[in-house]
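**Q** Output the structure for:
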Amino acid sequence: MVLILILMASFPVRIAVFGDRTGSPDDNEFEIAVDAIVEMSPDIVLSVGDFVEGNGDVATACEDWDNILPVLERLTSRFPFVYTPGNNDIWNDQTENYWREYTGTEPSRIEEISGITFVVWDTSRDDCLSMDDLDLIENLIKEIDTDNPWILVTHKPFWFMSYEDPDVVSDFKELMIETGPLAVIGGHIHSFAADREDGVLYISAGSSGSTVWEPDPEHGNFTQFGWMTIWPDSAAYAVVDARGVYSETINTGEEMNLFHLYRNEMIAGRQLETGLESTVLTLRPVEDRTRTIRLSINSGNWNLYPDTLDIELMEDPVELHFTQSPEGSPYPSPVISVNMEYGSRNREMSFEYFWPVLRRANAFIMEPVLDGTASMGEYRGVFQTDFANPEGQPSDLPGTGFRAATDTENLFICMQMRGNSSISDDYVGFIFNSNDSFYWLRVWRDGTTKALIIPPEGDWEDWEEGYSIVIETEGTDWCVEAAFDIALLDPEEDFVGMHLYRVVDDDYATWIYPIEFDASTMGRIWLE
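**A** As a prediction, this is how the structure comes out:
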């Protein structure tokens with residue numbers, strides 16, 4: 001009885017839940033979140049992972065750790081702190097070892113603090129929830145007394161992610177019912193959502209330091225941290241940002257999932273082509289019910305008709321046909337504003353879809369010399385100068401353009417750029433798709449390069465062979481000429497899929513808007 005009274009006296013326990021920082025880190029928001037947590041003085045701080053932004057580069061990740069640990073120390077020196085690894089913290093064996101060095105913890109482990117047991121489950125390198133994961137979780141749980149308050153924390157909230165195997169998720173939830181955690185918490189999605197099922201609180205924590213371009217509290221998208229209050233038999237959760245405190249009911253797991261699917265899966269526009277008089281947009285159903293979808297279309301330079309539609313979307317996809325008569329530059333390309341209701345509470349959503357444009361360039365068979373210049377007779381065809389800015393409008397970066405050629409063994413790209421003396425950071429990026437992998441090369445004006453291979457699964461790799469570059473500068477102007485092994489790029493139907501862009505400080509110009517790691521929306525370089 002004395003022990004029970006002592007335990008009861010220690011409750012409630014207040015836990016600040018610290019969300020992701022990666023995916024365009026915003027260090028100002030990150031420090032604001034840290035300051036706010038310090039002021040609220042929780043009993044424990046719980047992280048859901050993704051503190052460092054390495055983009056597959058170990059050295060960059062280590063630099064980021066060195067930068068953020070002094071900021072985190074304002075929390076770790078005051079409060080018990082539970083680290084959880086994210087996919088940007090650990091993506092291979094080397095970064096797992098660095099994780100141990102920087103945090104002093106194992107990726108998966110058990111921690112007991114203030115009468116609460118934290119079961120930390122490492123999902124940094126998991127693509128989906130599997131039966132092996134369930135075995136791992138079950139083995140971790142066997143190490144604890146489940147009659148005492150406990151929380152399962154991980155990075156990836158598979159219980160909310162739409163592409164998971166529903167049978168495995170069901171088995172996961174059955175395990176949670178049997179073992180009885182007060183809460184199951186993840187991050188990764190950068191959007192808050194909460195559900196309660198069979199006495200278990202399921203949470204997806206929003207970001208605490210990554211850029212939120214359009215804050216939207218009603219859909220869980222804003223810089224935030226969680227405030228969880230734990231009693232021996234229950235947990236309450238609130239969401240805190242600089243503008244207010246929100247209850248856990250603002251966004252359910254179902255609503256977060258539907259919001260994601262409608263924005264990313266419902267609309268598929270056939271890439272716009274300048275030589276055609278019509279185009280097609282497909283709407284695919286997401287919910288098992290009829291929804292009215294209202295579309296308002298800003299045609300940009302494409303003169304699409306009709307420009308307003310109300311569509312009843314039922315169980316089958318709907319094809320919408322538009323006439324078009326493009327004029328001049330492909331940018332700005334059409335933007336579709338979507339308005340509709342979704343979910344069991346008939347919440348309203350609105351979002352924009354940027355209609356992709358098919359960009360083409362010819363690489364004629366020539367005899368180019370890799371010397372950093374486009375000399376007479378090395379390249380012919382149209383000089384590609386129509387680039388878009390981050391908003392999809394025509395870019396105003398000075399003099400950015402390129403030409404392509406081939407000698408049948410290599411694809412040559414010669415990109416020419418004007419600059420100015422105030423530019424502190426100026427580089428170009430090439431992204432190719434080959435055999436379901438992406439080959440990503442970045443070249444800076446000073447000759448620095450970063451090259452990565454991004455496979456469909458597994459660790460990112462260094463791209464070390466199959467390309468050569470030469471840079472020539474004249475004053476503030478510069479040119480990068482690159483040769484890529486055509487066999488490595490594995491052309492499909494005599495063309496190579498490619499993104500090409502330029503970044504100058506905080507601005508960029510891209511040949512294809514928007515830039516996505518998606519082969520279906522890449523530009524095409526025809527090997528003539």
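**Q** which residue ranges form the helices in this protein?
**A** Under the criterion DSSP state H, the chain contains helices at 2-9, 27-40, 58-76, 93-103, 131-141, 166-179, 253-265, 486-489.
**Q** Need these in CSV (columns: distance to residue 373).
**A** C-beta coordinates here come from the backbone N, C-alpha and C atoms, glycine included. Formatted as CSV, the helices of the chain follow (distance: least, Cβ to Cβ, whole Å):
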stretch, distance to residue 373
helix 2-9, 76
helix 27-40, 40
helix 58-76, 32
helix 93-103, 40
helix 131-141, 55
helix 166-179, 57
helix 253-265, 42
helix 486-489, 22
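**Q** of these, which approaches residue 425 most closely?
**A** Residue 425 lies closest to helix 58-76 among the helices of the chain, at 14.4 Å (Cβ to Cβ).
**Q** in the closest one, what counts as buried?
**A** Using 16 or more other Cβ atoms under 10 Å as the test for burial, helix 58-76 gives 61-62, 64-65, 68, 71-72, 75.
**Q** Against which helices or strands is it packed?
**A** helix 27-40, helix 93-103 (3 or more Cβ pairs under 8 Å, 6 or more residues apart in numbering; DSSP states H and E).
**Q** Apply 10 Å and report the result again.
**A** strand 13-18, helix 27-40, strand 44-47, strand 81-82, helix 93-103 (3 or more Cβ pairs under 10 Å, 6 or more residues apart in numbering; DSSP states H and E).
**Q** Once you drop chain neighbours, what's closest to residue 428?
**A** What sits nearest to residue 428 in space, not counting adjacent residues and going by Cβ to Cβ, 6 or more residues apart in numbering, is residue 502, at 5.0 Å.
**Q** contacting residues for that neighbour?
**A** 387, 395, 397, 400-402, 415, 417, 426-429, 480, 508-511 (Cβ atoms under 10 Å, 6 or more residues apart in numbering).
**Q** Just grab the bridge partners of it for me.
**A** residue 428, residue 509 (DSSP bridges).
**Q** Quick one: residues contacting the closest residue to residue 84 other than its chain neighbours.
**A** Spatial nearest neighbour of residue 84, excluding adjacent residues (Cβ to Cβ, 6+ apart): residue 49 at 4.4 Å. By Cβ under 10 Å, 6+ apart, the contact list for residue 49 reads 18-22, 83-90, 99, 107, 120, 122-124, 153-156, 186-188, 205.
**Q** Please report the distance of residue 49 from residue 203.
**A** 14 Å (Cβ to Cβ, to the nearest Å).
**Q** before we move on, what about residue 363?
**A** 51 Å.
**Q** in the stretch 151-300 of the chain, which ranges drop under the pLDDT threshold?
**A** 242 (pLDDT under 70).
**Q** now the strands for it?
**A** Applying DSSP state E, counting those that start in this stretch to the stretch 151-300 of the chain gives strands spanning 183-186, 193-197, 200-204, 225-231, 234-241, 244-247, 267-269, 278-283, 291-298.
**Q** The second one - which strands sit beside it in the sheet, and in what orientation?
**A** Strand 193-197 sits in its sheet next to strand 200-204 (antiparallel), going by DSSP bridges.
**Q** what do you get for the first one?
**A** Strand 183-186 has the following strand partners under DSSP bridges: strand 150-153 (parallel), strand 200-204 (parallel).
**Q** Residue 368 is nearest to which of those?
**A** Judging these by Cβ to Cβ, what sits closest to residue 368 is strand 200-204, at 50.7 Å.
**Q** I'd like to check the angle between the closest one and strand 225-231, please.
**A** 170 degrees (axes from the mean of the first three to the mean of the last three Cα atoms, to 10 degrees).
**Q** from the chain's centre, how far out does strand 200-204 sit?
**A** 22 Å (Cα atoms, centre = their mean, to the nearest Å).
**Q** distance between the ends of stretch 110-124?
**A** Stretch 110-124 has an end-to-end distance of 17 Å (criterion: Cα to Cα, to the nearest Å).
**Q** Sorry, wrong one. I was asking about stretch 391-401.
**A** 19 Å.
**Q** Buried residues, that stretch. List them.
**A** Buried residues in stretch 391-401 (16+ other Cβ under 10 Å): 392, 394-395, 397, 400-401.
**Q** Same question for stretch 105-124.
**A** 105, 107-109, 111, 113, 115-124.
**Q** still on that earlier bit, now do the shared contacts for residue 49 and residue 203.
**A** 153, 186-187.
**Q** More neighbours: residue 363 and residue 203, which one.
**A** residue 203 (28 against 25; other Cβ atoms under 10 Å).
**Q** show me what contacts the closest residue to residue 394 other than its chain neighbours?
**A** Nearest residue to residue 394, sequence neighbours excluded (Cβ to Cβ, 6+ apart): residue 331, at 4.8 Å. Residues near residue 331 by Cβ under 10 Å, 6+ apart: 300-301, 357, 386-389, 391-395, 510, 513.
**Q** ok, 7 Å please
**A** 386, 388, 392-394, 513 (Cβ atoms under 7 Å, 6 or more residues apart in numbering).
**Q** likewise residue 349?
**A** 259, 262, 340, 342.
**Q** Could you list everything the last one pairs with in the sheet?
**A** What it means is residue 342. residue 347.
**Q** OK, contacts around it?
**A** Contacts of residue 342 (Cβ under 7 Å, 6+ apart): 258-259, 262, 287, 349.
**Q** Ok, the third one next?
**A** If a contact means Cβ under 7 Å, 6+ apart, then residue 340 has 291-294, 349 as its contacts.
**Q** Against residue 20, how distant is residue 65?
**A** From residue 65 over to residue 20 (counting by Cβ to Cβ), the distance is 15 Å.
**Q** any idea what sits nearest residue 241, other than its immediate chain neighbours?
**A** In space, residue 241 is closest to residue 224, 4.7 Å off (Cβ to Cβ, 6+ apart).
**Q** Just want the phi and psi numbers for that neighbour.
**A** Main-chain torsions, residue 224, degrees, to the nearest 10: phi -160, psi 170.
**Q** Neighbours of it, how many?
**A** 29.
**Q** Quick one: residues contacting it.
**A** 19, 192, 206, 208, 239-241.
**Q** Now the buried members of those residues.
**A** 19, 192, 206, 208, 239-241.
**Q** rewinding a little: got the strands of the stretch 151-300 of the chain as JSON lines, with distance to residue 406 columns?
**A** Putting those into JSON lines (distance: least, Cβ to Cβ, whole Å) gives the following:
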{"stretch": "strand 183-186", "distance to residue 406": "47"}
{"stretch": "strand 193-197", "distance to residue 406": "49"}
{"stretch": "strand 200-204", "distance to residue 406": "47"}
{"stretch": "strand 225-231", "distance to residue 406": "53"}
{"stretch": "strand 234-241", "distance to residue 406": "53"}
{"stretch": "strand 244-247", "distance to residue 406": "56"}
{"stretch": "strand 267-269", "distance to residue 406": "30"}
{"stretch": "strand 278-283", "distance to residue 406": "30"}
{"stretch": "strand 291-298", "distance to residue 406": "38"}
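**Q** That's all I had, so thanks and see you.
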